[in-house]
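> The sequence and its predicted three-dimensional model are supplied below.
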Amino acid sequence: MGAATLLEIHDVRRTFPKPGGDQLLVLDGVDLSLREGEIVGLLGRSGSGKSTLLRLIAGLAKPQGGTLTYLGRAIDGPAGGVAMVFQSFALFPWLTVLENVEIGLEALHLPEKEIRTRALAAIDLIGLDGYESAYPRELSGGMRQRVGFARALVVHPNILLMDEPFSALDVLTAENLRTDFIDLWLDKKLPIKGVLLVTHNIEEAVQMCDRVLLFSTNPGRVVTEIKIDTPRPRERTDPAFEDYVDRIYVEMTARRVERVPRQAPTAGVNLYAPLTHVSSSLIAGLIEAVAAAPYNGKADLPDIASDLQLEIDELFPVAEALQLLRLGDVEGGDIKLTHMGKRFADADNNERKEIFSRALMSYVPLAGHIRRVLDERTNHAAPRRRFIDELEDHMTEEASQETLRAVVSWARFAELFSYDKESETFSLENPT
């Protein structure tokens, strides 16, 4: 007989209002389930709605469509038996460790003696025995997050929701806390039946999860499910572990880093495509890393991510910028420098600026559009509002700000045009 289903989500849709009355679609057609004895990872880029989904499951928000059921009953408010651990430690600084853990039980109106007993047991379980009277300011980041785990576990939830619980910690502390959690899970010492883990870290997902669900972006939905079949504990050096990491990179790059049509833009083509701001120094740094030995122009994304200590939210935007500017290709989990990318790696600073400028004019229509407007005006200047208004006719205010920020940053490096932040004015003051 199969494990009991703790959570069932079907065709869930969630929107948020935008200025002007339109709706921003964040989640659309989300389907997933969580069975007893599972740790399921939700993996995807920022903006894919993973944290929003956790809030829906916790009953802290309601969807605009679809159904969420917990133990066969619809979720229509905060669900008893569902607890959450957040990315930020979210502790009350004026309360001791013991008091922070007890506060979750006080809402259940349990007897004072039981509250104290369960809180002390939870503190002991997560390895903070002896720190009951300490205040959060006296604890390290890893210890504060352990308090967050104790506060969630003390209510003995059926489902534990974890929203990037290790991302605010340094690498060694995060690894230690992950390992301790898995050890407790394998020893069946945790008072929980299932876990949903939101993460941006591919290796973390492979290390911890039974299944990994890959989320698309804008809107968020589950596009791929990968079952991790290797027994725990899992070693990162195990070829099977590396194969899973490679597979996830391939799946994510196949969907996220799409090839841009290789043609010079004509009027209106992709002019209002949203861009992610990535500094030119990060772009140059990735090109240099891929160009150098041992990669010599072509690198496996998991390897380069590990070498540079980058997670997907840091690596993918830079890789996409290389692809957009035709300085690199991303395909099958690999990143390969183009001819112009290799020239960029070998060039001095002035030649790099020239290469970057040509790439912006050829492949980033908004950059070319701004430059043409400045060329055509007698004073060679234009207000920022002129371009923001254009962008906001086609995308959200936030996306407009991010897109213009990206173009300004890249144009400054390329000396294509200038931007004065105080007067919010574009000009050709510095470029020749």
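Received it, and whenever you're ready, just let me know what you need.
> Going by C-alpha atoms from here, please, whenever you check contacts or count neighbours.
Fine.
> which ones are touching Ala319?
Going by CA atoms under 8 Å, 6 or more residues apart in numbering, Ala319 touches 257, 283, 328, 330, 335.
> and which of these is nearest Gly141?
Nearest to Gly141 among the contacts of Ala319, counting by CA to CA, is Ile283 at 31.2 Å.
> Burial check on that closest one, number of neighbours?
Ile283 sits with 17 neighbouring residues when counted by other CA atoms under 10 Å.
> The one 4 residues further on too?
Counted with other CA under 10 Å, the neighbours of Ile287 add up to 26.
> so how far is stretch 292-309 off the chain centroid?
Offset of stretch 292-309 from its chain centre (CA atoms, centre = their mean, to the nearest Å): 21 Å.
> Straight-line length of it, end to end?
End-to-end distance for stretch 292-309, by CA to CA, to the nearest Å: 17 Å.
> I'd like the mean pLDDT over that stretch, please.
Averaged across stretch 292-309, pLDDT comes to 89.
> With stretch 388-401 instead?
The model assigns stretch 388-401 a mean pLDDT of 84.
> next one: stretch 211-223
Averaged over stretch 211-223, pLDDT sits at 89.
> Now do the buried residues in it.
211-217, 219-222 (16 or more other CA atoms under 10 Å).
> Just name the closest of those residues to Glu38, please.
Each of the buried residues of stretch 211-223 was scored against Glu38 by CA to CA, and Arg211 proved nearest at 7.9 Å.
> Verify the stated contact: the closest one with Ile226.
Yes. Using CA atoms under 8 Å, Arg211 makes contact with Ile226 at a distance of 5.7 Å.
> Against Leu186, how distant is Pro157?
For Pro157, the distance to Leu186 - CA to CA - is 17 Å.
> which of the two has more neighbours?
Taking neighbours as other CA under 10 Å, Pro157 and Leu186 compare with Pro157 leading, 20 against 13.
> hang on, the more buried one in a strand?
No. Going by DSSP: H, G, I helix; E, B strand; the rest coil, the assignment for Pro157 is coil, not a strand.
> looking at it, it is touching Ala83, isn't it?
Yes. Counting by CA under 8 Å, Ala83 is a contact partner of Pro157 at 6.0 Å.
> before we move on, back to that, Serialize the buried residues of stretch 211-223 to JSON lines and add fields for distance to His10.
What follows is the buried residues of stretch 211-223, written out as JSON lines (distance: CA to CA, whole Å):
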{"residue": "Arg211", "distance to His10": "18"}
{"residue": "Val212", "distance to His10": "17"}
{"residue": "Leu213", "distance to His10": "14"}
{"residue": "Leu214", "distance to His10": "16"}
{"residue": "Phe215", "distance to His10": "15"}
{"residue": "Ser216", "distance to His10": "16"}
{"residue": "Thr217", "distance to His10": "18"}
{"residue": "Pro219", "distance to His10": "16"}
{"residue": "Gly220", "distance to His10": "14"}
{"residue": "Arg221", "distance to His10": "11"}
{"residue": "Val222", "distance to His10": "11"}
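> thinking in terms of the whole chain, how far from its middle is stretch 160-173?
13 Å.
> If you count neighbours, what's buried in the strand or helix carrying Leu322?
Leu322 belongs to helix 312-324 when assigned by DSSP states H and E. Within helix 312-324, the residues that qualify as buried by neighbour count (16+ other CA under 10 Å) are 312, 315-324.
> which one among those residues gets closest to Leu53?
Ile312 (19.7 Å).
> What does the pLDDT read for the closest one?
81.
> wait, what's in contact with the nearest residue to it once chain neighbours are set aside?
Leaving out its chain neighbours, the residue that sits closest to Ile312 by CA to CA, 6 or more residues apart in numbering is His200, at 6.1 Å. His200 is in contact with 43-46, 164, 311-313, counting by CA under 8 Å, 6+ apart.
> Number of residues surrounding the residue nearest to Phe89 when sequence neighbours are not counted?
Counting by CA to CA, 6+ apart, the nearest residue to Phe89 once its immediate chain neighbours are dropped is Gln145, at 5.5 Å. Other residues lying near Gln145 total 27 when counted by other CA under 10 Å.
> Pretty sure Gln145 sits in a strand.
No. Read with three-state DSSP, Gln145 is helix and lies in no strand.
> got a pLDDT number for it?
The per-residue pLDDT reported for Gln145 equals 87.
> do the one 4 residues further on as well
Confidence per residue is given as pLDDT, and for Phe149 that number is 88.
> Could you measure from it over to Leu161?
For Phe149, the distance to Leu161 - CA to CA - is 10 Å.
> which neighbours do these two share?
By CA under 8 Å, 6+ apart, Phe149 and Leu161 have these common neighbours: Val85.
> Now do the strands in the stretch 1-150 of the chain.
Along the stretch 1-150 of the chain, counting by DSSP state E, counting those that start in this stretch, strands occupy 5-17, 23-35, 39-43, 65-70, 73-74, 82-85.
> what's the closest of the ones you listed to Arg247?
Nearest of the strands of the stretch 1-150 of the chain (CA to CA): strand 39-43, 13.2 Å.
> Next, the angle from that closest one to helix 312-324.
With axes from the mean of the first three to the mean of the last three CA atoms, to 10 degrees applied, the angle from strand 39-43 to helix 312-324 works out at 40 degrees.
> what's strand 39-43 packed up against?
Helices and strands touching strand 39-43, by 3 or more CA pairs under 8 Å, 6 or more residues apart in numbering; DSSP states H and E, are strand 194-199, helix 202-208, strand 211-215.
> quick one, the shortest one and strand 23-35 angle?
In other words, strand 211-215. Using the same axes, to 10 degrees: strand 211-215 against strand 23-35 is 170 degrees.
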